[in-house]
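Novice: model this:
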Amino acid sequence: MTPRDIDNALTLAQTRRHFFRDCGVGVGSMALASLLARDAGAAPERKDPLAPRKPHHKPKAKAVIYLFMAGAPSQLELFEPKPKLNELSGQKVPESFTQGKRFAFIKGDAKLLGSVRKFAKAGNCGMDVSELLPYHREIADDVCWLRGMKTDVFNHGPAKCFVNTGSPQFGRPSMGAWLTYGLGSESDSLPGFVVLQSGPRGPRGGAALYSSGFLPSVYQGVPFLKGPNPILDLSPPPGVDRKAQGEFVDAVKDLNGLRHGAVGDPEIQTRIAAYEMAYRMQSSAPELMDLAKEDKKTLDLYGAAAGKPSFAANCLLARRLVQRGVRFVQLYHTDWDHHGGSLDLTKPLDNICKEIDQPCAALVKDLKRLGLLDSTIVVWGGEFGRTPMGEPRETIGRDHHIDAYTMWVAGGGFKPGRLHGTTDEIGYNVTENAVHVHDLQATLLHQMGLDHTKLTFRFQGRDYRLTDVHGHVVKDVLA
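Specialist: Residues are numbered from 1 along each chain as shown. Got it, this is the predicted structure:
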């Protein structure tokens, strides 16, 4: 190729680039904008993507706190005493119980496993609560108990994804993303969707559990780290004062605005919103994380200590976040996978229950004391339950079970003290008032003022929603 050929090629490339990128009224620009709109789901553009928006109907609640017990708590040790199961413990289950069923570890020769835990009736509702959760007994009449939960997926990662996003496949928007997309946020200095984690590691599935999927990335969950600086690189560098920082943000906003006007990419609006939010959070986030501003009585209620990260501290932070207008707060607490070995149903279960029992109950009590429980939904549970059969190990453990388990919901228009759902004598199947994961998702959206069949986003040629093509609102649990 001669030098002239190279010059001609560069000129042609520049001309094409100018035509497709820089000609604001040209065919190329219109085509690009059309493609971007199609890829984004052809959703109407939002100048402020987190601005509060009108719901489909009058809501009962305006915020959700989801206490996610990653690994799946055993309902048979916590909420479901089964005398018949104890009586039959050690006997082989009938073949019909395992035939055609899929479990993570147990086989057809599995034997029933009774529970050694002691239970007592709690509250006026008479809910059975284990000795492992004494503080939960104090909130029995404030909670709606869902004892007939069912799900579809029996492995941890996909099951966590299913309950959080409505699909076992990674890449779909999470419930928090859907809610902030549908309703926006009432906070102008904090994200609409915040994630707090505790335990020795993060949950299986990682960031996919709080992803925005194909929704604009402004709606994804923002993980807050431990300590006074919850977000990396949030503080300005040395020598840059707040005035200079504000001028920088304004300049970047102007440049991004010009670019958005040229190409119409909705992710540019996300970028603008992210810079502005980060600037405002430089002062709001450290104040939020400073639990020393809470009185000793409140800290003692949760069992939290200022400056010491813990699940208890995260529960108190969740209350502080909803007070400041955050739409969805998700707390992940790990190590509930009690198969046996180092994580069995003896001392390890005792320890993990002690970590969460007091803070969970305190959160409900504190929200109620402050008049926030009526407008805040608190959800507690894991991705599935545990089998009535034990595993063939030397230590005591249970396998994954998708056909019957327990969750609870408080506040936000759910009936307090309601016992919903029953299971058979060994806790294997739901016999009355089953609630599928998609039903729970539909009901939570309903209480937030959203119709789960109308909260959709067009992506790759079809309309998607959190509940896919399933789910119905469980009206029997609503006040």
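
Novice: what's next to stretch 79-86, contact-wise?
Specialist: Applying C-beta atoms under 8 Å, 6 or more residues apart in numbering, the set of residues contacting stretch 79-86 from outside is 76, 112-115, 117, 119, 127-130, 145, 147, 388, 406, 423, 425-427. From N, CA and C alone the C-beta is placed, and that goes for glycine too.

Novice: Out of the residues you listed, which end up buried?
Specialist: Buried members of the contacts of stretch 79-86, counted by 16 or more other C-beta atoms under 10 Å: 76, 112-115, 117, 119, 127-130, 145, 147, 388, 406, 423, 426-427.

Novice: So which of those residues are in strands?
Specialist: Under the assignment DSSP state E, those contribute Phe119, Met127, Asp128, Val129, Ser130, Trp145, Arg147, Pro388, Thr406, Thr423 to strands.

Novice: could I get those as a markdown table with pLDDT?
Specialist: Shown next, in a markdown table, are those (pLDDT from 0 to 100):
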| residue | pLDDT |
| --- | --- |
| Phe119 | 98 |
| Met127 | 98 |
| Asp128 | 98 |
| Val129 | 98 |
| Ser130 | 98 |
| Trp145 | 98 |
| Arg147 | 98 |
| Pro388 | 97 |
| Thr406 | 98 |
| Thr423 | 98 |
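
Novice: Format the residues you listed as a markdown table; extra columns: distance to His452.
Specialist: Listed next are these as a markdown table, based on distance: C-beta to C-beta, whole Å:
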| residue | distance to His452 |
| --- | --- |
| Phe119 | 35 |
| Met127 | 28 |
| Asp128 | 31 |
| Val129 | 31 |
| Ser130 | 33 |
| Trp145 | 23 |
| Arg147 | 23 |
| Pro388 | 32 |
| Thr406 | 23 |
| Thr423 | 26 |
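
Novice: from these, which is closest to Lys92?
Specialist: Within these, proximity to Lys92 (C-beta to C-beta) peaks at Pro388, which comes in at 12.2 Å.

Novice: For the residue nearest to that closest one when sequence neighbours are not counted, give me its contacts.
Specialist: Of all residues not flanking Pro388 in the chain, Ile426 sits nearest, at 4.5 Å (C-beta to C-beta, 6 or more residues apart in numbering). Residues counted as contacts of Ile426 (C-beta under 8 Å, 6+ apart) are Lys82, Lys84, Leu85, Leu88, Leu112, Pro388.

Novice: List just the nearest of those to Ala72.
Specialist: Compare each of the contacts of Ile426 with Ala72 using C-beta to C-beta and the shortest gap goes to Pro388, at 14.1 Å.

Novice: So that closest one sits against Tyr428, correct?
Specialist: Yes - when contacts are counted by C-beta atoms under 8 Å, Pro388 is listed as touching Tyr428 (5.3 Å).

Novice: Glu95 touches Ala110, doesn't it?
Specialist: No - taking contacts as C-beta under 8 Å, Glu95 lies outside contact range of Ala110: 10.5 Å.

Novice: of these two, who's got more company?
Specialist: Neighbours per residue, other C-beta atoms under 10 Å: of Glu95 and Ala110, the larger number sits with Ala110, 20 against 9.

Novice: wait, that one sits on Val93?
Specialist: Yes - if you go by C-beta under 8 Å, Ala110 and Val93 touch, sitting 5.7 Å apart.

Novice: Please enumerate the shared neighbours of the two.
Specialist: Residues touching both Ala110 and Val93 by C-beta under 8 Å, 6+ apart: Met389.

Novice: Would you map the helices across the stretch 251-400 of the chain?
Specialist: Along the stretch 251-400 of the chain, the stretches classed as helices by DSSP state H, counting those that start in this stretch are 266-289, 296-302, 311-323, 347-369.

Novice: Out of those helices, which gets nearest to Asp468?
Specialist: Closest of these to Asp468 is helix 266-289, at 23.9 Å (criterion: C-beta to C-beta).

Novice: Show only the entries of the contacts of Ile426 found in helices.
Specialist: If you go by DSSP state H, the contacts of Ile426 have Lys84, Leu85, Leu88 in helices.

Novice: now the last one: how far from Thr423?
Specialist: Distance of Leu88 to Thr423, given as C-beta to C-beta, to the nearest Å: 15 Å.

Novice: and the helices of the stretch 251-400 of the chain, which is most packed in?
Specialist: helix 311-323 (a mean of 23; mean count of other C-beta atoms under 10 Å).

Novice: Mean confidence (pLDDT) on that one, please.
Specialist: Helix 311-323 shows a mean pLDDT of 97.

Novice: out of the ones in strands among the buried ones among the contacts of stretch 79-86, who's nearest Leu299?
Specialist: Val129 (24.9 Å).

Novice: In space, what's closest to the closest one - neighbours in sequence excluded?
Specialist: Using C-beta to C-beta, 6+ apart and skipping residues adjacent in sequence, the residue nearest Val129 is Ala122, 4.4 Å away.

Novice: Could you do Tyr135 as well?
Specialist: Among residues not flanking Tyr135 along the chain, Ala361 sits closest, at 3.8 Å (C-beta to C-beta, 6+ apart).

Novice: Next: Leu78.
Specialist: In space, Leu78 is closest to Ser130, 4.8 Å off (C-beta to C-beta, 6+ apart).

Novice: Repeat that for Glu391.
Specialist: Among residues not flanking Glu391 along the chain, Gly397 sits closest, at 4.8 Å (C-beta to C-beta, 6+ apart).

Novice: could you list every residue that touches the one you found?
Specialist: Applying C-beta under 8 Å, 6+ apart, we find Gly397 in contact with His338, His339, Gly340, Gly341, Leu343, Asp344, Leu345, Gly390, Glu391.

Novice: Distance to Leu190, neighbour count and pLDDT for the residues you listed - can I get that in JSON lines?
Specialist: Listed next are those as JSON lines, based on distance: C-beta to C-beta, whole Å; neighbours: other C-beta atoms under 10 Å; pLDDT from 0 to 100:
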{"residue": "His338", "distance to Leu190": "35", "neighbour count": "24", "pLDDT": "96"}
{"residue": "His339", "distance to Leu190": "38", "neighbour count": "22", "pLDDT": "93"}
{"residue": "Gly340", "distance to Leu190": "41", "neighbour count": "20", "pLDDT": "89"}
{"residue": "Gly341", "distance to Leu190": "40", "neighbour count": "12", "pLDDT": "86"}
{"residue": "Leu343", "distance to Leu190": "35", "neighbour count": "17", "pLDDT": "92"}
{"residue": "Asp344", "distance to Leu190": "40", "neighbour count": "18", "pLDDT": "94"}
{"residue": "Leu345", "distance to Leu190": "39", "neighbour count": "23", "pLDDT": "96"}
{"residue": "Gly390", "distance to Leu190": "45", "neighbour count": "23", "pLDDT": "95"}
{"residue": "Glu391", "distance to Leu190": "43", "neighbour count": "24", "pLDDT": "88"}
